[in-house]
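Novice: Turn this into a structure:
(one chain, ligands or ions: 1)
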Amino acid sequence: MSQRAFLELRSVACRYGNTQVLEDIDLNIERGEFVALLGSSGCGKTTLLRVLAGFVTPSSGSVSVRRREVTHLPPDKRGMALVFQSYALWPHMTVAQNIGYGLKLKKVQRSEIDSRVAAMQSLLGLDGLGARKPAALSGGQRQRVALGRALAVDPEILLLDEPLSNLDARIRLSVRHELRALQKRLGITAVHVTHDREEAMVMADRIVILNAGRIAQQGTPEDVYNRPASAFVAAFMGAENVISLNGAPQGSDFLIEAGPSNAAGRVALMGRDLAQGVVEARFRPEAAQIHPAETAVVGPGVTLEGEIAAVSYPGGHWRHAVHVGDREIMADASRAFGPGERVRVHVPADALFLFNSPGSQPANTISRVLPGKVHA
Ligand SMILES: Nc1ncnc2c1ncn2[C@@H]1O[C@H](COP(=O)(O)OP(=O)(O)OP(=O)(O)O)[C@@H](O)[C@H]1O
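Specialist: Numbers count the residues shown, from 1 in each chain. Below is the predicted model:
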């Protein structure tokens, strides 16, 4: 029998009334691992966390910790602590009382509580704030108090439900790193719910991407970013440009046929199971390389013929909306190309994600949902 994981979910399904919220969830989490549950609003992230915590009983399947099934154990018997987005601090209690709250419930001796609270304050940079009430703290400090309260009870597993989303952008960046460093130092197993792709990328050992209650893909940040297993994951991880191309597998490559708006190209299959015919190709704006139309572009990948429709400067690079055929894609460059300029847009093979086409789209059409502001 294979070695079982520290934290294990087996065939978990969950429904609220007639609504199926989670289905076929199989997940193994190792001791000390930091796992991010990533997905768009309503995909079931929080429900999955609540199943782990014991606040929601799955309609089928099991949850085990250290090979012991805990599916029907109450939350306080699971050795887990949960930190919420809202922090849920007691407003009438001081910082020290909030941090010591869980210990008091456990009837830990007063002197022991005091020393654990002092240790937590020091660990979290809250020294000198013990007598303050939450209302007199900044968002980042409140977040750390909530974390201190969770960590004070010495949990084996820390469950985090978007605890950083109420922080302003700058504090969020530093708290991400603090939280990750702390989790590593204490060797705690952490499961972190977020809809923020970058947050999951920088914090987690492993990202589990959920789509409509099912696991769409799980892997290291690098895996899910560079080797998306489906068009959904590619789009969710930022490869929002989508084009349809015609081609066929040949040996270890997929050969792209020339079309009205693209030159012939070649992409290594790398184990992908692509059928002959129309494929859906996805890529990120930053992966595309824009060249003047007369430039001869070489190298594996695909080269598209287009015309600059609009340009904007979001910072660090120029972003271009490019008409290719009757559609539009987004492509970045270190210099600005002018509206109306004819260009070639090359997408290198390693940044071009190909998938069997779900429908019967005609070849060589290009479509994309336009993001916010682009000015001509
Ligand atoms: N108590 C409930 N009763 C009925 N439906 C619920 C309940 N809680 C959640 N849902 C539904 O279950 C689905 C998943 O909700 P969940 O909160 O797990 O999603 P989420 O991925 O965490 O979303 P968000 O990022 O918006 O918090 C949603 O469609 C939601 O409306």
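Novice: how many other residues sit next to Glu198?
Specialist: By other CB atoms under 10 Å, the residues close to Glu198 number 13. Any C-beta I mention is one placed from the backbone N, CA and C, and that applies to glycine too.
Novice: should've said Gly61
Specialist: Neighbours around Gly61, by other CB under 10 Å: 18.
Novice: if I look at it, how far off is Glu8?
Specialist: 10 Å (CB to CB, to the nearest Å).
Novice: secondary structure class for the closest residue to Asn211 other than its chain neighbours?
Specialist: Nearest residue to Asn211, sequence neighbours excluded (CB to CB, 6 or more residues apart in numbering): Phe232, at 5.4 Å. Recorded secondary structure, Phe232: helix (DSSP: H, G, I helix; E, B strand; the rest coil).
Novice: Report pLDDT for Phe232.
Specialist: Turning to Phe232, the model gives it a pLDDT of 94.
Novice: That one contacts Leu210, doesn't it?
Specialist: No: using CB atoms under 8 Å, Phe232 is not in contact with Leu210, being 10.5 Å away.
Novice: which of those two has more neighbours?
Specialist: It is Leu210, of Phe232 and Leu210, that has more neighbours when counted by other CB under 10 Å, with 23 against 15.
Novice: Whatever helix or strand that one lives in close to the ligand?
Specialist: Taking DSSP states H and E as the criterion, Leu210 maps to strand 206-211. No: applying CB under 6 Å from any ligand atom, one finds strand 206-211 separated from the ligand by no less than 6.8 Å.
Novice: helices or strands up against that strand?
Specialist: Judged by 3 or more CB pairs under 8 Å, 6 or more residues apart in numbering; DSSP states H and E, strand 206-211 is in contact with strand 34-38, strand 214-219, helix 221-226, helix 231-236.
Novice: These into JSON lines, with extra columns for distance to the ligand?
Specialist: Output for those, formatted as JSON lines (distance: least, CB to the nearest ligand atom, whole Å):
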{"stretch": "strand 34-38", "distance to the ligand": "8"}
{"stretch": "strand 214-219", "distance to the ligand": "12"}
{"stretch": "helix 221-226", "distance to the ligand": "17"}
{"stretch": "helix 231-236", "distance to the ligand": "13"}
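Novice: who does the strand holding Leu210 pair up with?
Specialist: Strand pairing for strand 206-211, determined by DSSP bridges: strand 34-38 (parallel), strand 214-219 (antiparallel).
Novice: Restrict that strand to CA atoms and write it as PDB.
Specialist: Extracted C-alpha coordinates of strand 206-211, given in PDB (Å, rounded to 0.1, in the frame of the first residue of the first chain):
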ATOM      1  CA  ARG A 206       1.700  23.700  -4.700                       C
ATOM      2  CA  ILE A 207      -1.300  25.300  -6.300                       C
ATOM      3  CA  VAL A 208      -4.700  23.500  -6.600                       C
ATOM      4  CA  ILE A 209      -6.800  25.200  -9.200                       C
ATOM      5  CA  LEU A 210     -10.600  24.700  -8.800                       C
ATOM      6  CA  ASN A 211     -13.100  25.100 -11.600                       C
END
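Novice: now what about that strand, what contacts it?
Specialist: Applying CB atoms under 8 Å, 6 or more residues apart in numbering, the contact partners of strand 206-211 are 27, 33-39, 43-45, 48, 200-201, 215-221, 224, 232-233, 236-237.
Novice: Just the buried ones among the residues you listed, please.
Specialist: 27, 33-39, 43-45, 48, 200-201, 215-219, 221, 224, 233, 236-237 (16 or more other CB atoms under 10 Å).
Novice: any idea how far Met330 is from Thr47?
Specialist: According to CB to CB, Met330 and Thr47 sit 34 Å apart.
Novice: Same check on Ala321?
Specialist: Counting by CB to CB, the gap from Ala321 to Thr47 is 38 Å.
Novice: Equivalent analysis for Ala287, please.
Specialist: Using CB to CB, Ala287 is found at 34 Å from Thr47.
Novice: so Ser64 is in which element?
Specialist: Element membership for Ser64, per DSSP H and E: strand 60-65.
Novice: List of residues touching that strand?
Specialist: Contact partners of strand 60-65, identified using CB under 8 Å, 6+ apart, comprise 4, 6-13, 25, 51-52, 69-71, 78-79, 156-157.
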